[in-house]
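Enquirer: only geometry, no sequence info:
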């Protein structure tokens, strides 16, 4: 009887874990999440590396954070010694197995109107919004 | 005798291998020394006039950017902080950041922004009439681009090259915005020694 109870308990735990994975979008893996410090009410910028470990394509369509009023996905292009900013109309596409690095000089998250200046050592959460995998919270560390 | 020559040959080969490839004179792109040095006077982040000519005798790193710049300008300023650290005992170097966004970059805004990176960097601003001739003199591209779908309102597309001015105030070397700090340090030391 105890054996059956243990098996039921293990099954329940597994189901809970599966449910948690489904909510957090386990197919999406995020590494190297960091942001630069800011001053005053000036905007901040966050970088991260995102990998689609799943077998279905997905798309990063938005982000939000309690750290600031709005979070936007931007893309900087540097060509022939000039930089320009390109609006992201349809998010960032992730083929199965693909990694996209949001890094200096490319894609990045802009953090507008921070509630307080982002100081080195601070940590905050940004929730990434994916078309298929839903919302995925990510912890971001502020560093220079 | 033959044995001595062989040993000498081996020694030379070993020595050449240890030296590795020769270091370039400059990692950046050099510019010919033509024409008189440029000059300008703008206002620094403390509200004081800053005249470039007053800093002859020093090597000047010059970059044109803005405080709302998403990531190209912070990359440059972060690297400058490492360069400043490496040159700590060397002096005679000015780090000058000229805004391409005088509308938003007030002296207070520049002061707040530069303090993130170093207390020793100079941030310069001025009226449109004051900054435009400076961009022209140094061949800096700058264009305000509306970005209505974003909270940023507008962005400023701009040149990303870093300029190195020699002790006479002439532009001698240009480097990309993300140049390795070690390479920047190398080129500055070359200019300081020349």
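Expert: Received it, and whenever you're ready, just let me know what you need. Just so it is clear, the model here is predicted, and its values are computed rather than measured.
Enquirer: now do the contacts for the spatially most central residue of chain B.
Expert: Centroid-nearest residue in chain B: residue B:61, 3.3 Å away (criterion: C-alpha atoms, centre = their mean). By C-beta atoms under 8 Å, 6 or more residues apart in numbering or on different chains, the contact list for residue B:61 reads B:80, B:83, B:93-96, B:162-165, B:184, B:188. No exception for glycine: its C-beta is placed from N, CA and C like everyone else's.
Enquirer: just the element for it, please.
Expert: Taking DSSP states H and E as the criterion, residue B:61 maps to strand B:59-65.
Enquirer: what mean pLDDT does the following helix or strand past that strand have?
Expert: Downstream of strand B:59-65, the first helix or strand assigned by DSSP H and E is helix B:72-86. The average pLDDT within helix B:72-86 is 94.
Enquirer: against which helices or strands is helix B:72-86 packed?
Expert: Applying 3 or more C-beta pairs under 8 Å, 6 or more residues apart in numbering or on different chains; DSSP states H and E, we find helix B:72-86 packed against strand B:59-65, strand B:93-99, helix B:181-193.
Enquirer: adding mean pLDDT and distance to residue A:98, write the ones you listed out as JSON lines.
Expert: Formatted as JSON lines, those follow (pLDDT from 0 to 100; distance: least, C-beta to C-beta, whole Å):
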{"stretch": "strand B:59-65", "mean pLDDT": "97", "distance to residue A:98": "32"}
{"stretch": "strand B:93-99", "mean pLDDT": "97", "distance to residue A:98": "37"}
{"stretch": "helix B:181-193", "mean pLDDT": "96", "distance to residue A:98": "31"}
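Enquirer: close enough to count as contact, residue A:94 and residue A:49?
Expert: No: counting by C-beta atoms under 8 Å, residue A:94 does not reach residue A:49; the two are 11.6 Å apart.
Enquirer: any residues in contact with both of these two?
Expert: By C-beta under 8 Å, 6+ apart, the residues touching both residue A:94 and residue A:49 are residue A:100.
Enquirer: and the two? Which one has more around it.
Expert: residue A:94 (25 against 14; other C-beta atoms under 10 Å in any protein chain shown).
Enquirer: OK, contacts around the residue nearest to the more buried one when sequence neighbours are not counted?
Expert: Nearest non-adjacent residue to residue A:94, counting by C-beta to C-beta, 6 or more residues apart in numbering or on different chains: residue A:52, 3.8 Å away. Counting by C-beta under 8 Å, 6+ apart, residue A:52 makes contact with A:27-28, A:58, A:94-99.
Enquirer: direction included, what does the strand holding residue B:61 pair against?
Expert: strand B:93-99 (parallel), strand B:162-165 (antiparallel) (DSSP bridges).
Enquirer: what parts of chain A come near chain B?
Expert: A:36-40, A:42-43, A:45, A:47, A:69-70, A:72, A:74, A:76, A:78, A:81-85, A:87, A:104-105, A:108, A:110, A:112-113, A:144 (C-beta under 8 Å from any C-beta of the partner chain).
Enquirer: re earlier: mark which of the contacts of residue A:52 are buried, thanks.
Expert: Neighbour-count burial (16 or more other C-beta atoms under 10 Å in any protein chain shown) applied to those gives A:27-28, A:58, A:94.
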